[in-house]
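A.B. asks: give me the fold of what follows.
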Amino acid sequence: MYAVTRLILWALIAYFIYLVWKFISRSRQKRGPSPQAKRLPQMMVKDETCNTYLPMAEALKETDQGKEYYFCSRDCRQKFLDRKKTST
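C.D. replies: Here you go, the predicted model:
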């Protein structure tokens with residue numbers, strides 16, 4: 001009788017260890033890929049004033065008559081706006 005109880009106890013301990021391992025491995029998977037793996041190429045846009053290209057996420061955006069324009073700096077944006085005012 002003692003041997004059966006001991007066997008059941010070991011089985012329960014093994015099952016508990018299995019559940020803990022499964023929980024830990026599942027939580028590691030939920031973290032997702034490393035930050036380096038998440039880096040995706042960014043779309044490049046052209047500054048209409050100085051004709052440079054920069055990532056869209058870093059550009060300043062101005063919409064004029066339904067068209068979007070991108071700028072590398074506030075100065076370039078202001079030059080574009082000033083040029084638009086003088087041409088109209």
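A.B. asks: against Met44, how distant is Ala57?
C.D. replies: Plainly put, Ala57 is 10 Å away from Met44 if you go by Cβ to Cβ, to the nearest Å. C-beta here means a position set from N, CA and C on the backbone, and glycine is covered the same way.
A.B. asks: ok, those two, which is more surrounded?
C.D. replies: Per other Cβ atoms under 10 Å, whichever of Ala57 and Met44 has more neighbours is Met44, with 12 against 8.
A.B. asks: show me the contacts for the more buried one.
C.D. replies: The contact partners of Met44, by Cβ atoms under 8 Å, 6 or more residues apart in numbering, come to Tyr53, Leu54, Pro55, Met56.
A.B. asks: pick the one among these closest to Lys79.
C.D. replies: Lys79 lies nearest to Leu54 out of these, by Cβ to Cβ, at 15.9 Å.
A.B. asks: helix or strand for that closest one, just tell me which one.
C.D. replies: Element membership for Leu54 (DSSP states H and E) is strand 53-55.
A.B. asks: most neighbours out of the contacts of Met44, which is it?
C.D. replies: Neighbour counts for these (other Cβ under 10 Å) peak at Leu54, which has 17 neighbours.
A.B. asks: next structured bit after the lowest-mean-pLDDT helix or strand in the chain?
C.D. replies: Within the chain, no helix or strand scores below helix 35-38, which has a mean of 54 by mean pLDDT, DSSP states H and E. For helix 35-38, the following helix or strand on the C-terminal side (DSSP H and E) is strand 44-46.
A.B. asks: quick one, strands of the chain?
C.D. replies: Using DSSP state E, the strands found in the chain span residues 44-46, 53-55, 60-64, 67-71.
A.B. asks: and the top helix by length along the chain, average pLDDT?
C.D. replies: Longest helix in the chain by number of residues, with DSSP state H as the criterion: helix 2-30. In this model, helix 2-30 has an average pLDDT of 87.
A.B. asks: and if you look at stretch 53-61?
C.D. replies: pLDDT averaged over stretch 53-61 gives 91.
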